[in-house]
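S.K.: take this sequence and fold it.
(2 chains)
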Amino acid sequence: MTAPAPSQRAATVEFDHVTKSYDARASASGAPGAVNDLSLTVPAGRICVLVGPSGCGKTTSLKMVNRLIEPTSGRILLDGVDIGTRDVTELRRGIGYVIQQTGLFPHQTIEDNVATVTRLLGWPKARQQARAEELLHIVGLDPAKYAKRYPAQLSGGERQRVGVARALAADPPVMLMDEPFGAVDPIVRERLQNEFLRLQEQLAKTILFVTHDIDEAIKMGDVVAVFGAGGVVAQFGPPAEILASPASDFVARFVGTDRGLKRLSLFRVAELPLTPVITARPGDNGTMIRRLAAGDPFDYVLLTDEAQRPIGWLHRDRLPAGELSVDGVESTTPLLDRRTTLKDALSMLLDADVQAGLVVDRTGALRGMIRLSDVADWMRHTGVRALDATERAAADAGAEMAADAGGETEDAVGAAGAGEAPG
Amino acid sequence: MIDWSWIAGHLDDIAFLTAQHLLYTAIPLAAGFVISLALAVWAVRCPVVYGPITAITGLLYTIPSLAAFALLVPVFSFSLLTAFIPLTTYTLLILFRNIVAGFEAVPREVLEAADGMGFRGRERLFRVEIPLAVPLMMAGLRLAAVTLIGLATVASILGSSFGGLGQLITEGLQTFFPTKYLLGAVLSVALAFAVDLAFVRLERFVTPWARARSESAVGPA
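M.R.: Residues are numbered from 1 along each chain as shown, chains lettered A, B, ... in the order given. The predicted structure follows:
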């Protein structure tokens, strides 16, 4: 991640009444899912996740963008240009393609694999190699260690990084990713997702991302298209909107009954208004503090050190008459970082003795607290407004969506960062 | 029984016949490989031809070698062509089937990735499919080469115009001279082993990646 950021180039991807149907014989022999009248627009520089059960047409939709599958009817436009009118080889060389099993060439070194498209494009050898090294840096693999190895000598996660590097080689404006993190274990997947989101912050490519995992869709997507049976898009919108107001029973079932919790993972502690805390220092007079806390709705007073770092809670009814001391602390409580997701924060609150999370800054100094009721109130009042039918149509046309998606990017990235937030 | 002095006095001839044998193995092998590769590419692109090609090459393979040479004598008389044509056709079944198996062993996702990244048909064939089919191709080549070394001794029935180690055997048997026919037999066996070993070495040399794969079990996690 230390290499210079590649140039930011992205294109709009637009599906215009795209249908792919298979005849009965092809369907019986296990042809991929059909797609029925798909119309949606992915704004430039955004991640659009296509999610749904298997056979719902999400992979078919993806493969129609690089014309591995040709639509039965309808058009797909890249930056307004119908891809059907473009030379198929030239089109594919301009689109990054990442698949689940990586599809790395086993007979080529990592360096040669990464240089695949630049070689096809006829770049000079030295430039191909320099670019391959740069990309290996970008995806977090040391070229000195990896360039001359073969794919079989890498772990699943490393191979998947090489797959991403290879897709980025010619700096394509659009990337297609077909379950790119599906074949690695959950811990590696989480790390790859976070790294990819951080990378995307710099790259700002237009990305179509296929997954069957709704949690991955919510985490990765600026916008999410939920595919239902028969290749129909059941709902298209930012993740928060899909979780807050599923468009149908199918979507509600697909996102799961825990969709309220999933929504929490989209927001960070930083977005909540903090409640002030009554604090005291060791050595302060107990009676005075009790008087100070008398009118407060919260039953506890927080003992802090001279740098405002929390020590622990004291119940106001049990404050000693004399000097307060560290020994009197009754209970402690989780410390939250401003980047902690509300889902993690809620989980910590439920586990704590005093159900208030203390939000601290980088130095560990107190900024305020959030309580269970704060989270509940905020979710109730900040819930994404359900769109009515006309607004939904407008959003589908892509006009409103760019704006909505802009707001959501931050959240998705926040969720990604939570794993690394200091506790 | 062995006349060592005869061997010592004919080292030049023996070396010549051995080299000739090797050459007469290499030519039909190369011809058979080119034909089989073309047939295999055709069969992979167009699977309906796989059955007929297997049937025809199988039929050619069943013709007894001596009979094949005899049948071609009226057409090409005692020329090298009379020997090379059957020797070539004997390799087809082995090579064709192995090359097709090699192509089929190329992982689907690798081909999909190649297509998705914009390889043209020929680029994909030469840069992806053929290199990945090499291990199984080499297995076929080894088998065909060893078979040919054996058959080339039989071809010496066509007389001294063909030569090779078979000439030592044939002449030795005709003149009741054990040194000659035993030497021919031992050298052809040794040649078969040497060629087999050479192919194993060659395969390792041209497919370093395949070794990487077999070592990955103990490689970095």
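S.K.: burial count for B:Phe33?
M.R.: 20 (other CB atoms under 10 Å in any protein chain shown). Heads up, the C-betas are built off the backbone N, CA and C, glycines and all.
S.K.: that one - that's part of a strand, no?
M.R.: No - counting by DSSP: H, G, I helix; E, B strand; the rest coil, B:Phe33 falls outside a strand, being helix.
S.K.: pretty sure it sits against B:Leu95.
M.R.: Yes - using CB atoms under 8 Å, B:Phe33 is in contact with B:Leu95, at 5.8 Å.
S.K.: what does the helix or strand in which B:Pro52 is found contact?
M.R.: Using DSSP states H and E, B:Pro52 sits within helix B:50-62. By CB atoms under 8 Å, 6 or more residues apart in numbering or on different chains, the surrounding residues in contact with helix B:50-62 are B:Leu39, B:Trp42, B:Ala43, B:Thr89, B:Tyr90, B:Leu92, B:Leu93, B:Ile94, B:Phe96, B:Arg97, B:Val100.
S.K.: name the SS class of the residue in chain A positioned nearest to chain B, please.
M.R.: Of all residues in chain A, A:Gly103 sits closest to chain B, at 2.7 Å by CB to the nearest CB. Three-state call for A:Gly103 (three-state DSSP): coil.
S.K.: got the contact list for it?
M.R.: If you count contacts by CB under 8 Å, 6+ apart, A:Gly103 has them with A:Gly163, B:Pro107, B:Glu109, B:Val110, B:Glu112, B:Ala113, B:Ala114, B:Gly116.
S.K.: rerun at 10 Å
M.R.: By CB atoms under 10 Å, 6 or more residues apart in numbering or on different chains, A:Gly103 lies in contact with A:97, A:113, A:151, A:159, A:163, A:166, A:178, B:107-117.
S.K.: among the residues you listed, which lie within helices?
M.R.: If you go by DSSP state H, the contacts of A:Gly103 have A:113, A:159, A:163, A:166, B:108-116 in helices.
S.K.: now those residues as a markdown table including neighbour count and pLDDT?
M.R.: Converted to a markdown table, those look like this (neighbours: other CB atoms under 10 Å in any protein chain shown; pLDDT from 0 to 100):
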| residue | neighbour count | pLDDT |
| --- | --- | --- |
| A:Asn113 | 25 | 96 |
| A:Arg159 | 20 | 94 |
| A:Gly163 | 26 | 95 |
| A:Arg166 | 29 | 95 |
| B:Arg108 | 10 | 92 |
| B:Glu109 | 16 | 93 |
| B:Val110 | 22 | 95 |
| B:Leu111 | 17 | 95 |
| B:Glu112 | 17 | 94 |
| B:Ala113 | 25 | 95 |
| B:Ala114 | 24 | 96 |
| B:Asp115 | 22 | 95 |
| B:Gly116 | 24 | 95 |
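S.K.: thinking again about what came up before, which ones among the contacts of helix B:50-62 lie within helices?
M.R.: Per DSSP H, these map to helices at B:Leu39, B:Trp42, B:Ala43, B:Thr89, B:Tyr90, B:Leu92, B:Leu93, B:Ile94, B:Phe96, B:Arg97, B:Val100.
S.K.: and the residue of chain B closest to chain A?
M.R.: Closest point on chain B to chain A, by CB to the nearest CB, is B:Ala113, at 2.7 Å.
S.K.: grab the nearest non-local neighbour of that residue.
M.R.: Leaving out its chain neighbours, the residue that sits closest to B:Ala113 by CB to CB, 6 or more residues apart in numbering or on different chains is A:Gly103, at 2.7 Å.
S.K.: phi, psi for that neighbour please.
M.R.: The phi/psi pair for A:Gly103 (degrees, to the nearest 10) reads phi 60, psi 30.
S.K.: so what pLDDT did it get?
M.R.: At A:Gly103 the predicted local confidence, pLDDT, stands at 91.
S.K.: now the one 4 residues further on
M.R.: In this prediction, A:His107 carries a pLDDT score of 94.
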